[in-house]
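Asker: Below are the sequence and a predicted model; questions follow.
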Amino acid sequence: MTQVLNFVDGAEVPASGSRTLDLVDPATGEVFGTSVLSGQSDVDAALEAAERAFKVWRKSTPAQRQLALLKIADAVEARAEEFADLEIRETGKIRSVVLDEEIPECVSALRFFAGAARQLEGTASGEYLPGHTSAIRREPVGVCAQIAPWNYPLMMGVWKIAPALAAGNTVVLKPAETTPSTAVLLAKVAAEFLPQGAFNVLCGDRDTGRALVKHPITELVSITGSTRAGIDVATVAAADLKRTHLELGGNAPLLVFGDVNLAEAAEGIVGAAFYNAGQDCTAGSRVLVDAAIHDEFVAELTKAAAARKPGTDFGPLNSEAQFGRVRGLAERLPSHARVETGGVPTGDRGFFFSPTVISGLKQDDEIVREEIFGPVITVQSFADEDEAVRLANGVPYGLASSIWTNDLSRATRVSGELDFGCVWVNTHGPLVSEMPHGGFGHSGHGKDLSSYSFAEYTRVKHVMTRFA
């Protein structure tokens, strides 16, 4: 049986207590190991280690931080197979996707933020008051508590630690309960190039995360997770006025207009909806289609979806709890809904769910308003552009969206009307390190990736000097 330990102050260490969390292979439903369950004393030790390291790391030069991150990137790239083994065991992901897409994205983000470390920006120094020179300092915030999700354990871990370390902060990262292994390996790999205690990993549950947020050493809290978890973090952090960075749920609308190639659009949307078994906050799961092409497009969408094979094209849902949640949404469908394909579990073991398309839905249906996080596409029709925008914006989330049309004027006009942090046109899902990722409303606030993310891990200080 595998046992995953914490990584604190430069070494793997057990938790102070004897309680553990089971680790389950979602492809089989079988327990294969445990991780330690960290308590208050473990939280204290990790944050104190990060606080000691901050005194050193904050004084490093941007060039030194850049070099460290570049070396970490090279090490992750060199050990890609090892990272993939751990990621697949805890998530059930398709191996080629992990090796060909996700790990290269992790390496890219580390290298991007290595460069960002040397691109500090601010107002130009100058005499804004006669006889006085003003300058802006961008400084690290301090010790950051970061909470990563289970859908992209390694990639989201990198998205958090890379900008924080690049800016001169130190980190205590808590991975999700079900997927701790790649975070611990990442910390072990990074330790060779960082001061002792600069990057720590604590395994644990919600109480562990809450203790990290509440702790007086913590200066900034970053979480990627559900809206409920984000509200919990924000509430606890507010009591001590801690800064928060919240990348939360999504319920992306995909607006399909009548001038597109239907088969091509259907293939693109199914790929965006079922990537990582739909367990993605940007998943293309909520399709809004022009009523004039509704029936024909649903047929194309159903054909493309039914061709996808669980276990080959996408993996299982992450846990029995998530499996039960998706199954429950499908079982509680209103009478007016029509299951075009799927809608049921599949396979004789593990947490696999069939590729699903559901039409005939209305805006106030549970499965339309809730984030599904499974391989499920819902379809609604709209009469005109105004209704399309109204339906798209008619949920509390505001993370991602897309427009499918060959009309450039429409694409430009509608992209300005959609209340989402990202709008794709004739595609859905691609992200790059140079551009920001983050939403509005119940999708939280703050940005991952890009220089906008780097800036969030800094504080701005004005220094004014009077001269004779």
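Answerer: Here it is on my side, so go on. Just so we're clear, the structure is a prediction, and the values are computed from it rather than from any experiment. Numbers count the residues shown, from 1 in each chain.
Asker: which regions of the chain lie under the pLDDT threshold?
Answerer: For the chain, no stretch is flagged by pLDDT under 70.
Asker: per-domain residue ranges of it.
Answerer: Here the domain parsing of the chain from the TED database is 2-248+441-465, 252-425.
Asker: Make TSV out of these and add distance to residue 435 and mean neighbour count.
Answerer: Placement of C-beta: from N, CA and C, glycine included. Below are the domains of the chain laid out as TSV (distance: least, C-beta to C-beta, whole Å; neighbours: other C-beta atoms under 10 Å):
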stretch	distance to residue 435	mean neighbour count
domain 2-248+441-465	5	20
domain 252-425	8	20
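Asker: Distance to residue 432 added to those domains, as a markdown table?
Answerer: Formatted as a markdown table, these follow (distance: least, C-beta to C-beta, whole Å):
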| stretch | distance to residue 432 |
| --- | --- |
| domain 2-248+441-465 | 7 |
| domain 252-425 | 11 |
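Asker: Nearest to residue 433, out of the ones you listed?
Answerer: The minimum distance between residue 433 and those falls on domain 2-248+441-465, with 3.7 Å, by C-beta to C-beta.
Asker: what about the closest one, how long is it end to end?
Answerer: By C-alpha to C-alpha, to the nearest Å, the extent of domain 2-248+441-465 from end to end equals 59 Å.
Asker: residue contacts, residue 309?
Answerer: By C-beta atoms under 8 Å, 6 or more residues apart in numbering, residue 309 lies in contact with nothing.
Asker: do you know how far it is from residue 275?
Answerer: 14 Å (C-beta to C-beta, to the nearest Å).
Asker: Next: residue 389.
Answerer: Where residue 275 is concerned, residue 389 sits at a distance of 25 Å (C-beta to C-beta).
Asker: do residue 145 as well
Answerer: Distance from residue 145 to residue 275, by C-beta to C-beta: 29 Å.
Asker: same deal with residue 90?
Answerer: Residue 90 is 18 Å from residue 275, by C-beta to C-beta.
Asker: Please enumerate the strands of the stretch 351-468 of the chain.
Answerer: Along the stretch 351-468 of the chain, counting by DSSP state E, counting those that start in this stretch, strands occupy 356-359, 376-382, 397-398, 400-404, 422-425, 440-441, 444-445, 458-466.
Asker: now the stretch 201-350 of the chain
Answerer: Counting by DSSP E, counting those that start in this stretch, the strands of the stretch 201-350 of the chain are 220-224, 243-247, 253-256, 286-290, 338-341.
Asker: Quick one: list the elements packing against the second one.
Answerer: Yep, that's strand 243-247 we're talking about. With contacts taken as 3 or more C-beta pairs under 8 Å, 6 or more residues apart in numbering; DSSP states H and E, strand 243-247 sits against strand 220-224, helix 227-238, strand 444-445.
Asker: Just send those back as TSV, with distance to residue 56 too.
Answerer: Listed next are the helices and strands packed on strand 243-247 as TSV, based on distance: least, C-beta to C-beta, whole Å:
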stretch	distance to residue 56
strand 220-224	19
helix 227-238	26
strand 444-445	31
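Asker: Now do the strands in the stretch 51-200 of the chain.
Answerer: Assigned by DSSP E, counting those that start in this stretch, the strands in the stretch 51-200 of the chain fall at 126-129, 132-140, 143-147, 170-174, 199-201.
Asker: Of all those, which one comes closest to residue 418?
Answerer: Closest approach to residue 418 among the strands of the stretch 51-200 of the chain is made by strand 143-147 (28.3 Å; C-beta to C-beta).
Asker: Could you list the residues in contact with that closest one?
Answerer: Identification of contacts with strand 143-147 by C-beta under 8 Å, 6+ apart yields 47, 50-51, 54, 157, 160-161, 164, 169-174, 209, 212-213, 215, 217-225, 229, 233, 457.
Asker: Name every strand pairing with it and say which way it goes.
Answerer: Within its sheet, strand 143-147 is paired with strand 170-174 (parallel), strand 220-224 (parallel), according to DSSP bridges.
Asker: Save the ones you listed as a markdown table, and put in distance to residue 194 too.
Answerer: Output for the strands paired with strand 143-147, formatted as a markdown table (distance: least, C-beta to C-beta, whole Å):
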| stretch | distance to residue 194 |
| --- | --- |
| strand 170-174 | 9 |
| strand 220-224 | 18 |
